[in-house]
Every structure is written in C-alpha cells, then in structure tokens.
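# Next one to model:
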Amino acid sequence: MDQLTLLFALLLGAVVIVPLGDRLRLPPPVLMTLFGAALAILPFVPDVEVPPEYILPLVLPPLLYAAVQRTSWREFTTNVRPILLLAVALVFVTTAAVAAVAHAVVPGLPLAGAVALGALVAPPDPVAATAVAGKLGLPRRMVSILEGEGLFNDVTAITLYHVAIAAAVTGTFSVTLAAAELVLSAAVAVAVGILLGWGASRLMPLLGDATLATGLTLLVPFASYSVAEELSGSGVLAVLVTALFLAEHAADPDDVAGRLTGHSFWSVVDTLVTGVAFGLIGLEVHAVLETSRDRLGALLPAALLVLATVVLVRLLWLAPAAWLTRRLGRGADSGEEIPLGWRETVVMWWAGMRGVASVALALAVPLTVDSGADFPGRDAIVFVAFVVVLGTLVIQGLTLPWLTGRLGVASDGSGEQAQERALAVRVATACRARLRELEAQGRVSGDAAERMAQRAHEMAWLISPQLADEERREQVADRLQRARELHELRGEMLSAARRAVLDARTEPGMTPEVADRVLRQLDRGSLWHRRES
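Got it, this is the predicted structure:
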C-alpha cells in the first residue's frame, strides 16, 4: 500500500464512520482515531510521510472555517467572559501545571521543552468539541461555550508554543518580547482577517455563480492563515476573524442556491478533513511507539502523570470558574451562557479532548537547536503528547455519552421551540409589512393581497403550529399531510422524469450537455414551478 492508497482508505473510513458514530452515539473523531490506529498495526500499511509543518496549514483552516458556520459573532460576544476563562486563562494555567510536572518527572526534559509540551497539550480540540456537542444533544449554552473555547484556545496555545520553542532553540527568553509577540500576533491576525473577509464579501456578488462563490470560501481560510503567518501573525485567529466577518457581512437573503451549495460543500469538506486528520493521529501511534520503545518503561508513567494533570487541572479550574461566572453574571439580561449546575460542569470537564493541533505541534518540534545539537527531549515530548491525545480522545470520548446519560444532561428543547415561535411571528410580520408596501405601490390587487395575507399566517403556523388555535392547528396538520402526499407523488414523477433524461443521454444523437441542462432543471424543480405558476 502506498501513501495515496492510504489517503483514500482514510477518506473512505471517514465516510463510513460518520453514520456508524451516529448509530453508536460516539463522536466520529474518536472512531477515526481508533480506525487509524488499527490500520497502523497492519504490516502492509506504510508509515505516514506528511511533513509536520504542513499539518496545521492544511487541516486547521477548513476545519475552523466550517466550525464557525455553526456559530455567530453575537454568540461569541455574549459569551466572551466564559470563553476567555477557558480559551485564554485555562490554557495558561494548564501550560504552567503541565510544564512543572513534566520538568520534574520526564527524564532529560529542560524547562523550555516542558513549557512547549504544556502549551501543545493545553487546548482541547475544536473539532472534537463540536462533534461532541452535535451528537449528544447538549444544552445550547454548553454547546456555545465548548465551540467558543475550541475555536479560540488554539490562538493562545500556539503562541505560547512558539515562544517556548524559540527559547529552547536559541537558549534565550524575554518576558517582554514574548508579551509583545503575543500582542503583535493578535493585532496582525485581526487586521488580516478583516481585510480578507471584506475583500471576499465584495468579490462574491461579482462572481454571479453559487459554485464559484463556494469555491472562493474554500480558498479564503487558507489565504487568511498563510498571509497572517507570513506577517508573523496568528493564522488561527486570522481564519476565525475572516469566517466571522463573512458570516455577518456576506449573507444575501435571496442567495438560496449559494446557501444550499455552501452548506452541502462544507459538510463534505468537514467530514473528509476531520476523518483524515484524526485518522493520521491513529496512524502516527505506531511510529511514536517505535521511536520510544527503548525508554517506554520510564516515559509511560511520566506520560500518564501528565495526562492526569491535564484532566485534573481542567476540573479544578472549571468548578470555581463556573461558580464565579454565575456569581458575577448578569443573568438573563446579558444572555451569557454558563453551566447551570455541577452536572453540566462535569460534562464540560470531561468533554475537554485533545486532538489535531496537539499532534501537529508535537510533530513540528524541531530536530535540532541553533548550536546544531539535538533538540533536548524531543522524543519524550512527542511520546507524552500522543499519550495525552489518545488518552483524552479514547477514554473521555468513548465514555462521554454514558456520562451525559447518567447525569441527565440534555437539551429540553423548550428554548429552541420558543425561538421558533418568535421567528415564526417575525416571518409573518415581515411578509405582511412587505405586502402592505406592494399594495401602496399598486403592484398587487385587493383579492391577491387578501390571499397572500392568509398565506403569511399559514407560513407562521407551519413553522410553529403552536401559534394557531386548536381548530386551525388541525387544518394546518391536514394541509401538511396533503403536502406530504403531493410531495411524495411529485418525487415519484420527478424520479421517472430524471430516469427518462438519463436514458436519453446515452442514446445516439443526444448531446450530453443538453441532457445535463434539462436534468439540472428537473433537480431544481424549476419546471414544476413554471407549470404551477
């Protein structure tokens, strides 16, 4: 098996494991890691030959961009305090605790290397966090915090990591320079993210095609990451700023094709890239074990102690932080999302799995320092990092669904139902307001206006049937049943029509482009809309 075949095996595994994870109620990243580890055991599977410096630039931009599509700038600003407590403060605390423990128990590991180890294992993985939140039906307040923490903690951790690596390589360290580097990195990233986001938002309408616009969204996160890194900024933060900017400023309410195309495209990208990234983690296990075989007896206990430190520090930080946030919170007036009790705090603690960024940073540790000597403790850093990643992913990832069920932490759905009702009222109000504007302009007759006003009410009832009274609710249910029957019949007829076009496409004399064009019209349903209008 060569490297290309191995890549296809990981892609196929990603496609197959997603429905398997849904059935087992397990996060697909965990299953992909186990799948990669199983592949690595097979004798005909080669060692992975991906340069470590390419892992973050190739994997993080699309994963972060896809994750941002599920959140908004408002959610971030509303939850900025709990997110900063986790994504900044907790990363610093975890780095310091791990550095102290690792420096004491890992043989031959200098302080700078221990800090680098602490920084690279400090951030929980944003992809694993999003997968957990999406599969377990957690309350939205917890989902918001987990997603926000996962999106922004890499910024802090990667900056700390680079400072520690520079100190180990050069043998010098300055607190002032490190603080200045952190501020400069963030400022450059925000500027790059806003600039590229603004440029992309202006370019998309000019493209005039949903496929091209979606293709541009694939290029933008890579461009943001690369440009920011070239200018000594944080590539991760630049991608986040660009994605948030586009989510707020590039939304065209009438761009139906763009939304449908973009949603489908990014769902595929998210699934495949996530599968490959976590599959690589599993594949690398074999190589790491081979490298550390001679020191396994000394390194494994130290690695397990570091793993325990990572897990324990998160609990010791979350418990008082959640309590303090509740005490200082402004309650419902601010909309700030916080864990409401010890059960949710425990689930938040156990959801702190490490992943792609930790592995990529561990593998990217330089082989030598400026003097030409070997980087002190590099093999130990890589081994300990993999133990932490695998321990949190496998142990916590496999047991989190059980823990969530035992504690009874789940969304009751009442909040989302209330939001649906509110949106239904806004939809009906907007429709009636636009209808009155058209009436005032003389663009609609009285009879048509009356029928459309009734349609506005029905639209709201379809979104949220609870808005209708009991009699009308029964009418809405009957209408929905008839609509389902018509939809099923229309589907059967469209299926027959598509089959006829596909059969004709292979006949002599038929131009494939013409058949494809007709097929696309059938797929969009445009022929039905013309007939019904």
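
# show me where pLDDT drops low in the stretch 1-150 of the chain?
52, 129-135 (pLDDT under 70).

# start to end distance for stretch 107-116?
15 Å (C-alpha to C-alpha, to the nearest Å).

# what's it in contact with?
Identification of contacts with stretch 107-116 by C-beta atoms under 8 Å, 6 or more residues apart in numbering yields 95, 98-100, 102-103, 106, 117, 160-161, 163-165, 167-168, 173, 295, 298-299, 302, 365, 375-378, 380-381. To be clear about C-beta, it is placed using only N, CA and C from the backbone, and glycine gets the same treatment.

# Quick check: which element contains the most centrally placed residue in the chain?
Residue closest to the average C-alpha location in the chain (C-alpha atoms, centre = their mean): residue 67, at 2.7 Å. According to DSSP states H and E, residue 67 maps onto helix 52-68.

# Kindly report the same for residue 417.
In this structure, residue 417 sits in helix 414-440 according to DSSP H and E.

# And the residue nearest to the centre of the chain, how far from residue 143?
As judged by C-beta to C-beta, to the nearest Å, residue 67 and residue 143 stand 11 Å apart.

# who touches both of these two?
Counting by C-beta under 8 Å, 6+ apart, nothing touches both residue 67 and residue 143.

# Identify the residue spatially nearest to residue 168, adjacent ones excluded.
Closest residue to residue 168 apart from its sequence neighbours, by C-beta to C-beta, 6 or more residues apart in numbering: residue 112 at 3.7 Å.

# typed the wrong thing, it's residue 359
residue 281 (5.1 Å).

# quick one: contacts for that neighbour?
33, 36, 355, 356, 359, 386, 389, 390, 393.

# I'd like to know which of these is nearest to residue 50.
Among these, residue 359 lies closest to residue 50 (C-beta to C-beta), at 10.8 Å.

# Can you tell me the number of residues neighbouring that closest one?
30 (other C-beta atoms under 10 Å).

# do the same with residue 264
Neighbours of residue 264 (other C-beta under 10 Å): 11.

# Check the gap between it and residue 65 for me.
15 Å.

# what do you get for residue 182?
23 Å.

# Looking at these two, which one has more neighbours?
Neighbours per residue, other C-beta under 10 Å: of residue 182 and residue 65, the larger number sits with residue 65, 25 against 17.

# picking that back up, dump the residue contacts of the residue nearest to the centre of the chain.
126, 127, 130, 147, 150, 151, 270.

# Can you tell me how far the fifth one is from residue 392?
Just to be clear, that refers to residue 150. With C-beta to C-beta as the criterion, residue 150 and residue 392 are 13 Å apart.

# Going along the chain, name the strands of the stretch 51-200 of the chain.
With DSSP state E, counting those that start in this stretch as the criterion, the stretch 51-200 of the chain has no strands.

# Residue 94 versus residue 318, what's the distance?
Residue 318 is 11 Å from residue 94, by C-beta to C-beta.

# The two: which is more packed in?
Taking other C-beta under 10 Å, residue 318 and residue 94 do not tie; residue 94 has more neighbours (24 against 21).

# quick one, phi/psi of the closest residue to the more buried one other than its chain neighbours?
Of all residues not flanking residue 94 in the chain, residue 122 sits nearest, at 4.0 Å (C-beta to C-beta, 6+ apart). When read as degrees, to the nearest 10, the backbone of residue 122 gives phi -70, psi -40.

# any shared contact partners between residue 150 and residue 392?
residue 124.

# of those two, who's got more company?
residue 150 (29 against 26).

# how many neighbours does the residue lying closest to the more buried one once chain neighbours are set aside have?
Spatially, and ignoring its direct neighbours in sequence, residue 150 is nearest to residue 126 (3.1 Å; C-beta to C-beta, 6+ apart). Other residues within reach of residue 126, judged by other C-beta under 10 Å, total 29.

# on that earlier part again, Produce a PyMOL select command limited to the buried residues of the contacts of stretch 107-116.
Selecting only the buried entries of these in PyMOL, with 16 or more other C-beta atoms under 10 Å as the criterion:
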select buried, resi 95+98+99+102+103+106+117+160+161+163+164+165+167+168+299+302+365+375+377+378+380+381
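
# Inside helices: which ones of the contacts of stretch 107-116?
Among those, the members found in helices (DSSP state H) are 95, 98-100, 102-103, 117, 160-161, 163-165, 167-168, 298-299, 302, 378, 380-381.

# separation between residue 393 and residue 343?
Distance from residue 393 to residue 343, by C-beta to C-beta: 23 Å.

# ok, these two, which is more surrounded?
residue 393 (25 against 15).

# Wait, the more buried one touches residue 28, no?
No. Residue 393 lies out of contact with residue 28 (C-beta atoms under 8 Å); the separation is 11.4 Å.

# list the residues that contact both of those two?
residue 278.

# Okay, residue 383 and residue 273: tell me how far apart.
26 Å.

# now swap in residue 515 and tell me
Residue 515 is 34 Å from residue 273, by C-beta to C-beta.

# Over to residue 217?
On the measure of C-beta to C-beta, residue 217 and residue 273 end up 14 Å apart.

# Over to residue 169?
30 Å.

# So which of those two has more stuff around it?
residue 273 (21 against 16).

# Only the buried residues of the one helix or strand that one maps to, if you could.
Taking DSSP H and E as the criterion, residue 273 maps to helix 256-291. Residues of helix 256-291 classed as buried by neighbour count (16+ other C-beta under 10 Å): 258, 261-262, 265-266, 269-286, 288.

# Roughly how far does the residue nearest to residue 147 when sequence neighbours are not counted sit from residue 407?
Nearest residue to residue 147 in three dimensions, chain neighbours excluded: residue 71, at 5.4 Å (C-beta to C-beta, 6+ apart). Using C-beta to C-beta, we find residue 71 at a distance of 25 Å from residue 407.

# just residue 21 next, same as before
Applying C-beta to C-beta to residue 21 and residue 407 gives a distance of 21 Å.

# what does residue 522 give?
On the measure of C-beta to C-beta, residue 522 and residue 407 end up 49 Å apart.

# and if you look at residue 241?
Residue 241 is 36 Å from residue 407, by C-beta to C-beta.

# out of the two, which sits in the more crowded spot?
More crowded of residue 241 and residue 407, by other C-beta under 10 Å: residue 241, with 25 against 15.

# And the helix or strand harbouring that one, what's buried?
Using DSSP H and E, residue 241 maps to helix 235-249. Using 16+ other C-beta under 10 Å as the test for burial, helix 235-249 gives 235-247.
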